[in-house]
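Visitor: Mind looking at a prediction? Sequence and model below.
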Protein chains: 2
Amino acid sequence: MKNMVNEQQYNDLLTKSEFEAALRKIGKERYHDNCRFHHLLHNGLLNKGQVQAWAINRYYYQINISIKDSALMSRIKNPELRRKWIHRILDHDGRRDDEGGIERWYKLTDGLGLDREYVKSTDGVLPATKFAVDCYVSFVKEKTILEGVTSSLTELFAPKIHKERISGMLENYKFINDTTMAYFKKRVDQATDDADFVLDYALKNAKTREEQDSVCDALKFKTDVLWVMQDALYHSYINGHVPPGAFMPEDFDDRYIENK
Amino acid sequence: MKNMVNEQQYNDLLTKSEFEAALRKIGKERYHDNCRFHHLLHNGLLNKGQVQAWAINRYYYQINISIKDSALMSRIKNPELRRKWIHRILDHDGRRDDEGGIERWYKLTDGLGLDREYVKSTDGVLPATKFAVDCYVSFVKEKTILEGVTSSLTELFAPKIHKERISGMLENYKFINDTTMAYFKKRVDQATDDADFVLDYALKNAKTREEQDSVCDALKFKTDVLWVMQDALYHSYINGHVPPGAFMPEDFDDRYIENK
C-alpha cells in the first residue's frame, strides 16, 4: 500500500520541463502584458496625466519591493540564500556606485512634472494599488519561503515588457526621454538574472506535487497583484471613475470624480 | 511653556460634535453609496449574471467579518469590550435560535442559482476583492484597538443603504424575493445598534487630536475597502474586463475576458 501511495505521488510530480511549462503558461495567460492599460501606455495612447497616474501608482510598488525582500530575508535561515537575495535590496535602495531603482524612479516622476514630495507622500495612490501591494508584503511574511521566493517568478516575463515599454514610450511620448526611462533600462538586465535564479530555485526546491502547485499559486498571486494595479488605473483614469482622495491630473475633467 | 503646549493641544482637540461631524462628512463623501455600481444594483439595471458576481464577491467579505472580529478580540484586554463585541461574531456565524448572517447569505446565492460549493470555494472572487478584504483583516491585527474598533464606523451609513437595497432589489429583479433578501432585512436593525455602540466608543476613547485623526483614517480606510470592491465589480462586469480565473456568468459574452 505504501508503495502504491509513493508511486501515485511519483506519477503526480511534474517533470522539471512540465513544471517550467506550467509556470510559463501561467505567465502567458495572466501576466499584465494582457491588460488593456499596458497596451495604451506602450502605444502612446495615454495623455500626460494618465502616464503620471501610472508612475505614481507604480511608485508605491517600487518602494515596497525592498520592504518585501527584507521581510522575506528575515525568515530565511540559510545564509547562502540570503546572500543571493540581498542584491535585490541593493538594486532598489542603491549602493556606493549606483543610485538604485527608487532614485531612478524619481527621474521618471520628475520628468513627468510631478512634485517629488507629493510622489513620496503616496497620498494620491489608488486604494486598490495599496491593497494589492500591501497583500504582496503580507504574502512573503505569511507563506512558505518557497512561495515567498517564487512569487518573484513574474520576472521571467518582465524583460520583454520592459523592452516594449522603453521603445514604445520613447517613441510615442514627447515628455519621455532616455533620462526618465533610466529605471527600465537598468531593470532589463537585472530582471533577466533574477528570473534565472528564481526559476532554477523553483525547479530544484519544489520536490512534491503539492510544492509545485504552491509555486504555481504563488506566481498566480503575484500576477494578480500586478493585474489589479493595471485594472485600477484603467477604471480610474481611462474610464473616469477616480475614487475620493486619489491623484487628479491637472488637465482632468472633474466629472470624472466618482462622488461629484 | 508647558501650558502653551497644553493649550495648543486643547485647541486642536475637536469637540465631540465636531468630531462626529467630521466622521459623518467622511461617510457622505466616501461611503460606497456614491459608487455607480451601487446605483445600478439598486435600480434594477443589472442582469442576473452581474447580480451573481456581486453576491459572490460580497460573500468573500461576509465570511471574513467573523475572522476580522476574532482577530480584534484576540487583542482586546478588557473583558467588557470583548463582551460587547462578541455578538458580532454570533450575528454572522449563528447561535441556537438563529442561523446567522453567513447562512442567510447562501439563501441569496441559492436564489440566484449559484452552486453553493462554488460560492464556498471563493474561486471566482475578483483578486481586487480578496486584496481589499485581506487588508481589512490585517488592519485590525496591526493597528491600535481604537482603530480596529472604529473601522466599523461605516455601519453608521449602512442602514440607509440596506433599506434602499431591500426595496430597490425586491421591486426591480424578478429573481429576488423576501427569502433571498433575508440577510439585509436582519442587518438593518443589527447595524443600527452596532453603529451606535461604535460611535459612542469613538467619542469617548479618542482623547487626543492624534487619536481623533487616527479614527478618521480608520473610517477612510474602511470606506476604501468597500469602494474598491464596487469599482472592481464595475470594471469587470459592467465595462467587461473580467480578469483570468474570475467568475464568468453563463450569459456573459466571452469577449469580456481580458486576455482572450
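Guide: That came through, no problem. Numbering: from 1, shown residues only, chains lettered A, B, ... in the order given.
Visitor: low-confidence ranges in chain A?
Guide: A:1-11, A:253-260 (pLDDT under 70).
Visitor: That one: helices as residue ranges?
Guide: A:2-12, A:16-30, A:36-42, A:48-73, A:79-93, A:101-111, A:116-121, A:127-142, A:145-150, A:158-172, A:182-205, A:209-233 (DSSP state H).
Visitor: and the second one, what does it pack onto?
Guide: Yep, that's helix A:16-30 we're talking about. helix A:182-205, helix A:209-233 (3 or more CB pairs under 8 Å, 6 or more residues apart in numbering or on different chains; DSSP states H and E). Any C-beta I mention is one placed from the backbone N, CA and C, and that applies to glycine too.
Visitor: again with the last one
Guide: Under the contact criterion of 3+ CB pairs under 8 Å, 6+ apart, the helices and strands touching helix A:209-233 comprise helix A:16-30, helix A:36-42, helix A:48-73, helix A:127-142, helix A:145-150, helix B:127-142, helix B:209-233.
Visitor: at 6 Å instead, please
Guide: Judged by 3 or more CB pairs under 6 Å, 6 or more residues apart in numbering or on different chains; DSSP states H and E, helix A:209-233 is in contact with helix A:16-30, helix A:127-142, helix A:145-150, helix B:127-142.
Visitor: could those go into TSV alongside distance to B:Arg36?
Guide: Converted to TSV, the helices and strands packed on helix A:209-233 look like this (distance: least, CB to CB, whole Å):
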stretch	distance to B:Arg36
helix A:16-30	27
helix A:127-142	16
helix A:145-150	37
helix B:127-142	16
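Visitor: Of all those, which one comes closest to A:Asp251?
Guide: helix A:127-142 (21.5 Å; CB to CB).
Visitor: Would you mind naming what in the stretch 51-200 of chain A lies close to chain B?
Guide: A:Pro127, A:Ala128, A:Phe131, A:Ala132, A:Asp134, A:Cys135, A:Ser138 (CB under 6 Å from any CB of the partner chain).
Visitor: between those residues, which is nearest A:Pro243?
Guide: A:Pro127 (6.3 Å).
Visitor: Settle this for me: that closest one is touching B:Met229, isn't it.
Guide: No: here A:Pro127 lies out of contact with B:Met229, judged by CB atoms under 6 Å, at a distance of 10.4 Å.
Visitor: neighbour count winner among those two?
Guide: Legend: neighbour count by other CB atoms under 10 Å in any protein chain shown for A:Pro127 and B:Met229, higher for B:Met229 (27 against 24).
Visitor: That one: what's it in contact with?
Guide: Residues in contact with B:Met229 (CB atoms under 6 Å, 6 or more residues apart in numbering or on different chains) are B:Thr129, B:Ala132.
Visitor: Can you name the residues that contact the closest residue to A:Thr122 other than its chain neighbours?
Guide: Excluding the flanking residues, the one nearest A:Thr122 by CB to CB, 6 or more residues apart in numbering or on different chains is A:Tyr60, at 5.5 Å. A:Tyr60 makes contact with A:Thr122, A:Val125, A:Thr129, A:Val133, according to CB under 6 Å, 6+ apart.
Visitor: thinking again about what came up before, quick check: of the residues of the stretch 51-200 of chain A next to chain B, which lies closest to B:Lys220?
Guide: Using CB to CB, A:Pro127 comes nearest to B:Lys220 of these, at 9.2 Å.
Visitor: Just give the closest residue to the closest one, not the sequence neighbours.
Guide: Nearest one to A:Pro127, counting by CB to CB, 6+ apart, is B:Asp224 at 3.8 Å.
Visitor: how many neighbours does the nearest residue to A:His39 once chain neighbours are set aside have?
Guide: Nearest residue to A:His39, sequence neighbours excluded (CB to CB, 6+ apart): A:Leu45, at 7.7 Å. A:Leu45 is flanked by 13 other residues according to other CB under 10 Å.
Visitor: Over to A:Leu45: give its phi and psi.
Guide: phi -100, psi 10 (degrees, to the nearest 10).
Visitor: So it versus B:Tyr234, what's the distance?
Guide: The spacing between A:Leu45 and B:Tyr234, counted by CB to CB, to the nearest Å, is 22 Å.
Visitor: again, but for A:His162
Guide: With CB to CB as the criterion, A:His162 and B:Tyr234 are 31 Å apart.
Visitor: quick one on the thing from earlier: and the residue nearest to A:His39, how far from A:Ala195?
Guide: A:Leu45 is 29 Å from A:Ala195, by CB to CB.
Visitor: try A:Asp93
Guide: For A:Asp93, the distance to A:Ala195 (CB to CB) stands at 20 Å.
Visitor: Buried residues, stretch A:145-160. List them.
Guide: Going by neighbour count (16 or more other CB atoms under 10 Å in any protein chain shown), the buried part of stretch A:145-160 is A:145-159.
Visitor: With stretch A:28-38 instead?
Guide: In stretch A:28-38, counting by 16+ other CB under 10 Å, buried: A:Arg30, A:Tyr31, A:His32, A:Asp33, A:Asn34, A:Cys35, A:Phe37, A:His38.
Visitor: Closest one to chain B out of those, please.
Guide: Nearest to chain B out of the buried residues of stretch A:28-38 is A:Asn34 (CB to the nearest CB; 3.8 Å).
Visitor: where does A:Ala206 fall, phi/psi-wise?
Guide: phi -90, psi 100.
Visitor: A:Val215 is in contact with that one, correct?
Guide: Yes: here A:Ala206 reaches A:Val215: they are 5.0 Å apart, a contact under CB under 6 Å.
Visitor: So those two - more neighbours on which side?
Guide: Counted by other CB under 10 Å, A:Ala206 and A:Val215 do not tie: A:Val215 has more neighbours, with 26 against 22.
Visitor: I'd assumed A:Thr150 was in contact with the more buried one.
Guide: Yes: A:Val215 is within contact range of A:Thr150, at 4.5 Å (criterion: CB under 6 Å).
Visitor: list the residues that contact both of those two?
Guide: Shared contacts of A:Val215 and A:Thr150, counting by CB under 6 Å, 6+ apart, come down to A:Ala202.
Visitor: buried ones in stretch A:80-94?
Guide: Buried, per 16+ other CB under 10 Å, within stretch A:80-94: A:Leu81, A:Lys84, A:Trp85, A:Arg88, A:Ile89, A:Asp91, A:His92, A:Asp93.
Visitor: Max pairwise distance over the buried residues of stretch A:28-38: which two?
Guide: Maximum distance among the buried residues of stretch A:28-38 (CB to CB): 15.0 Å, for A:Arg30 and A:Phe37.
Visitor: Next up, the contacts around the residue nearest in space to the middle of chain A.
Guide: By CA atoms, centre = their mean, chain A has its centre lying nearest to A:Leu226, at 5.5 Å. Contacts of A:Leu226 were listed using CB under 6 Å, 6+ apart, and they are A:His32.
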